[in-house]
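>>> what follows is a predicted structure for the sequence shown.
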Amino acid sequence: MDILTELGIGIAIGMLAGTTGTHGGARGRMTLLAAVIAIVAGLLLDGPLGAVLALLGAVGACLVISDLVFGASRREGSRGGALGLIVALAALIVIAVALLAPVGVIVFVLAIAWLGIARQRRAQRKHAGLRVLR
């Protein structure tokens, strides 16, 4: 199998685990669950290298997506569950791309990385603005 296929499958596993939108200790447990599932899937697909790639994709995607879903559910209340459905459908698209055109997984890797970096910068700006008000 292609290395991008395992990475894409790991990303999809992490996205699905991240749809729970947990925060704190529960987020760590969901990330650990995604990591274990990704390791097993990677081992079944392509041995140890596949396991490592799937692990990296799953952990990264789970951390970013769970933060995204948690923030949306905090702002929107019970209506934040729609984002979980959208993310689950996007995970199916990631799996389809990983199996049919593995080169397209690069787009998803870049999108997850950009989303994580953008959310981190926005959070730092928000806290810096709050410090000025003191």
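Arrived safely.

>>> which strands and helices lie in contact with whichever helix in the chain runs longest?
Ranked by residue count and defined by DSSP state H, the top helix of the chain is helix 25-76. For helix 25-76, the packing partners by 3 or more C-beta pairs under 8 Å, 6 or more residues apart in numbering; DSSP states H and E come out as helix 3-18, helix 81-100, helix 105-132. In short, each C-beta sits where N, CA and C put it, glycine included.

>>> in the protein, where is pLDDT below threshold?
By pLDDT under 70, the low-scoring segments of the chain are 1, 77-81, 126-134.

>>> comparing the helices and strands packed on helix 25-76, which comes out most buried?
Counting by mean count of other C-beta atoms under 10 Å, helix 3-18 has the highest mean neighbour count of the helices and strands packed on helix 25-76, with a mean of 27.

>>> that one to helix 105-132, inter-axis angle?
Angle between the axes of helix 3-18 and helix 105-132 is 40 degrees (criterion: axes from the mean of the first three to the mean of the last three C-alpha atoms, to 10 degrees).

>>> wait, doesn't Ala58 sit right on Ile11?
Yes - at 7.0 Å, Ala58 counts as touching Ile11 under the criterion of C-beta atoms under 8 Å.

>>> ok, the spatially most central residue of the chain - contacts?
Residue closest to the mean C-alpha point of the chain, counted by C-alpha atoms, centre = their mean, is Ala61 at 1.8 Å. Neighbour list for Ala61: Gly10, Ile11, Ala12, Ile13, Gly14, Met15, Gly18, Ala34, Ile112 [criterion: C-beta atoms under 8 Å, 6 or more residues apart in numbering].

>>> roughly how far does the first one sit from Gly71?
It refers to Gly10. 23 Å (C-beta to C-beta, to the nearest Å).

>>> cool, the third one as well?
Using C-beta to C-beta, one obtains 21 Å as the distance from Ala12 to Gly71.

>>> and for the fourth one?
Computed as C-beta to C-beta, the Ile13 to Gly71 distance reads 21 Å.

>>> equivalent analysis for the last one, please.
According to C-beta to C-beta, Ile112 and Gly71 sit 16 Å apart.
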